[in-house]
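Participant: I'd like to go over a predicted model; first the sequence, then the structure.
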Amino acid sequence: MNTIILENQLKKAKLPIGRNLSLIRIDPLNVPNLYIGLDSKANRLLALNLPSGYKTKFTGEKKENIRTYIDSGNHNIILELLDDYYTSLFNDLIISLYYKIKDISDVNESTVVFINTINSWATFLQKSSEEGLTEKEIRGLVGELVILKEYLNSGRPNINLVLESWTGPYDATYDFTFEELNVEVKTKSSDSSIVRISNEYQLDDEPGKRMELTVVSLDKSDSGVNLSQLIKEIRDAIVSLNGDISIFLKALAQKQLFVTNISDYDSMQYSLSLREIYDCQLINNGQEFPRVIKSRIVEELKDFKYKINLADFE
């Protein structure tokens, strides 16, 4: 399933004449009865057809750019897109849901997955707040997205676990949290060897895990990459790998980044000159990697910041 197939299927759903809806099954292979279509206002629809007599407590609601409701006469749960501005995102999320639900034979499970997923979509289709991000925050996000893109292209077997590993937007201790590894991402300019550590926990060890510091050197450039381009490249990678794009969008939403405001930062462009990985547990020529380890400092010292000169550890 991809956008081209989805659009071709939608063309078969003609505007209804004398009816409220025109629905067509996404494909004959998906186990649940998942449909796309149009209503009399030409609004795009996604529908899950339920067995006759099946009871659900779902009632639906209208939000900023979408509406959900029960089409009781035809036993459908309907998601309706109210603003064509979001068509591309709507298609992405349909494709993501398709792969999440297509092999589920249990009607209770498929219904729960469908309802939970469409309820979360309202978050991604909302408008942004008026308060924007600073250049420092954008630079940090660009650095994290560069690394996320690398992880997605690294061949790790479970793409959704890679997406869930990106914990930076949730203000977690580390920017990436894997089962075997924690990663902190820092950005700097190419002519600097200094990185700033925000607290005593940021490079600390977690039992049973390796700790890495990944440093991305970014410089402002009129021909560099911006936030919109990186997000699009990652979005395309997720769709091509049949990943759950809602995981990525939810993380962006934590930083108040939505379809409506991502382009506001297009003027902030950066060239990537270097990406370096430091094993924080490495001892080089008898010298430990220069970092604070919380267990080694007195309890009274807390909430402090420090700088590391990477040139001193080569």
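Facilitator: Done, it's in. Model, not experiment: these values are computed from the prediction.
Participant: The protein: helices as residue ranges?
Facilitator: Using DSSP state H, the helices of the chain run over residues 3-11, 87-101, 107-124, 135-152, 159-165, 227-240, 245-254.
Participant: Of those helices, which is nearest residue 193?
Facilitator: For the helices of the chain, proximity to residue 193 was assessed by C-beta to C-beta; helix 135-152 is nearest, at 16.1 Å. C-beta here means a position set from N, CA and C on the backbone, and glycine is covered the same way.
Participant: Check which helices and strands that closest one sits against.
Facilitator: For helix 135-152, the elements it packs on are helix 159-165, strand 176-177, strand 181-188, strand 210-225, helix 227-240, strand 270-279, judged by 3 or more C-beta pairs under 8 Å, 6 or more residues apart in numbering; DSSP states H and E.
Participant: Now render the helices of the chain as a markdown table, adding mean pLDDT, mean neighbour count and distance to residue 70.
Facilitator: Formatted as a markdown table, the helices of the chain follow (pLDDT from 0 to 100; neighbours: other C-beta atoms under 10 Å; distance: least, C-beta to C-beta, whole Å):
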| stretch | mean pLDDT | mean neighbour count | distance to residue 70 |
| --- | --- | --- | --- |
| helix 3-11 | 87 | 13 | 22 |
| helix 87-101 | 88 | 20 | 18 |
| helix 107-124 | 84 | 17 | 11 |
| helix 135-152 | 95 | 19 | 37 |
| helix 159-165 | 95 | 19 | 29 |
| helix 227-240 | 92 | 17 | 29 |
| helix 245-254 | 90 | 20 | 22 |
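Participant: which stretch among these comes nearest residue 220?
Facilitator: Residue 220 lies closest to helix 135-152 among the helices of the chain, at 8.9 Å (C-beta to C-beta).
Participant: okay, which residue is most central for this protein?
Facilitator: In the chain, the C-alpha nearest the mean C-alpha coordinate belongs to residue 248, at 0.5 Å (C-alpha atoms, centre = their mean).
Participant: Just list the residues touching the closest residue in space to that residue that isn't next to it in sequence, thanks.
Facilitator: In space, residue 248 comes closest to residue 163 once its chain neighbours are excluded; the distance is 5.5 Å by C-beta to C-beta, 6 or more residues apart in numbering. Applying C-beta atoms under 8 Å, 6 or more residues apart in numbering to residue 163 gives the contacts 148, 152, 238, 243, 244, 247, 248, 251.
Participant: swap in residue 202?
Facilitator: Residue 202 sits next to 173, 174, 184 when contact means C-beta under 8 Å, 6+ apart.
Participant: Over to residue 244?
Facilitator: 96, 99, 100, 160, 163, 238 are the contacts of residue 244 under C-beta under 8 Å, 6+ apart.
Participant: Turn the residues you listed into JSON lines, including distance to residue 209.
Facilitator: Output for the contacts of residue 244, formatted as JSON lines (distance: C-beta to C-beta, whole Å):
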{"residue": "96", "distance to residue 209": "29"}
{"residue": "99", "distance to residue 209": "30"}
{"residue": "100", "distance to residue 209": "29"}
{"residue": "160", "distance to residue 209": "20"}
{"residue": "163", "distance to residue 209": "19"}
{"residue": "238", "distance to residue 209": "25"}
